[in-house]
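In: Below are the sequence and a predicted model; questions follow.
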Amino acid sequence: MKMKMTTVVAAVAALAMVVLVVGQAVEDPCFVPTMDGFEVPPYMGKWYTQGNARLARISFERNLECEHAVYTLKDVVLVNNTGRVGCPDANCPVKEADGFAKQTDPTERPGALEVTFSGDFTGVPNYFVVDTDYTSYTVVGGTCRTFLWILGRTNMMDDTTYDYCVEQAVLAGFDLKAIGFERKNNTNCVDY
């Protein structure tokens, strides 16, 4: 009986180790990595969309050209997303959406923010700063890696910087083909 009990205990312990090892090996597919040491103040200002995922283009950014966002620091971060409807020139109508953003865990994960356009915060991050140099580029991911934006401080981003951003997105686990990621053509965009 003692031999049988020892065998059962050993089997349960082995199973527990397998579950532990497998559990650690399988990454949460919805976890989006963020950069270490992200700081909100230098991130403020205007960012132009250089590339985005299909889901953004067919939903809230539908038919928009020359999109940009302006971040302003108040009690929370104020977000103003703007784009021209249908064409890039100054004669096209402008569509704006005002929202709010805040860090969900400034100490442990400062690059994870929640952005809301309703004004209601849930405490669940949906905007993940994967990488930024604050002055020329930012790589931003969305929940479960279904959204991705490459942002720049100017309308046009040079190819070297853009390629670096794409590389960072891939290293962060984004499947660019699966999410329909495309570079934006901002050649004719006028600043506004």
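Out: Structure received. Numbering: from 1, shown residues only.
In: Kindly provide the distance from the residue nearest to residue 96 when sequence neighbours are not counted to residue 130.
Out: Closest residue in space to residue 96, ignoring its immediate chain neighbours: residue 82 at 4.9 Å, by CB to CB, 6 or more residues apart in numbering. Any C-beta I mention is one placed from the backbone N, CA and C, and that applies to glycine too. For residue 82, the distance to residue 130 equals 23 Å [CB to CB, to the nearest Å].
In: of the two, who's got more company?
Out: Counted by other CB atoms under 10 Å, residue 82 and residue 130 do not tie: residue 130 has more neighbours, with 25 against 17.
In: That one: what's it in contact with?
Out: With contact taken as CB atoms under 8 Å, 6 or more residues apart in numbering, residue 130 is in contact with 32-35, 111, 139-141, 168-169, 172.
In: Try it again at 7 Å.
Out: Contacts for residue 130 (CB atoms under 7 Å, 6 or more residues apart in numbering) come out as 33-35, 139-141, 168-169, 172.
In: Give me the contact list for stretch 176-192.
Out: Stretch 176-192 has contacts (CB under 7 Å, 6+ apart) with 48-55, 65-66, 88-90, 94, 146, 148, 155-156, 162, 169-170.
In: For it, C-alpha coordinates in PDB please.
Out: What follows is stretch 176-192, C-alpha atoms only, in PDB (Å, rounded to 0.1, in the frame of the first residue of the first chain):
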ATOM      1  CA  LEU A 176       1.700  41.800 -40.200                       C
ATOM      2  CA  LYS A 177       0.100  39.700 -43.000                       C
ATOM      3  CA  ALA A 178      -2.600  38.200 -40.700                       C
ATOM      4  CA  ILE A 179      -3.700  41.700 -39.500                       C
ATOM      5  CA  GLY A 180      -3.500  43.300 -43.000                       C
ATOM      6  CA  PHE A 181      -0.900  45.800 -42.000                       C
ATOM      7  CA  GLU A 182      -0.200  48.400 -44.600                       C
ATOM      8  CA  ARG A 183       2.000  51.500 -45.000                       C
ATOM      9  CA  LYS A 184       0.100  54.700 -45.500                       C
ATOM     10  CA  ASN A 185       0.800  56.900 -48.500                       C
ATOM     11  CA  ASN A 186       1.100  60.400 -46.900                       C
ATOM     12  CA  THR A 187       2.800  61.900 -50.000                       C
ATOM     13  CA  ASN A 188       0.000  64.400 -50.600                       C
ATOM     14  CA  CYS A 189      -1.000  65.100 -47.100                       C
ATOM     15  CA  VAL A 190      -1.000  68.700 -46.000                       C
ATOM     16  CA  ASP A 191      -0.400  69.600 -42.400                       C
ATOM     17  CA  TYR A 192      -3.400  70.800 -40.400                       C
END
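In: And it, what's buried?
Out: 179, 181, 184, 186, 189 (16 or more other CB atoms under 10 Å).
In: ok, those vs residue 98, which is closest?
Out: The closest of the buried residues of stretch 176-192 to residue 98 turns out to be residue 189 (CB to CB; 21.1 Å).
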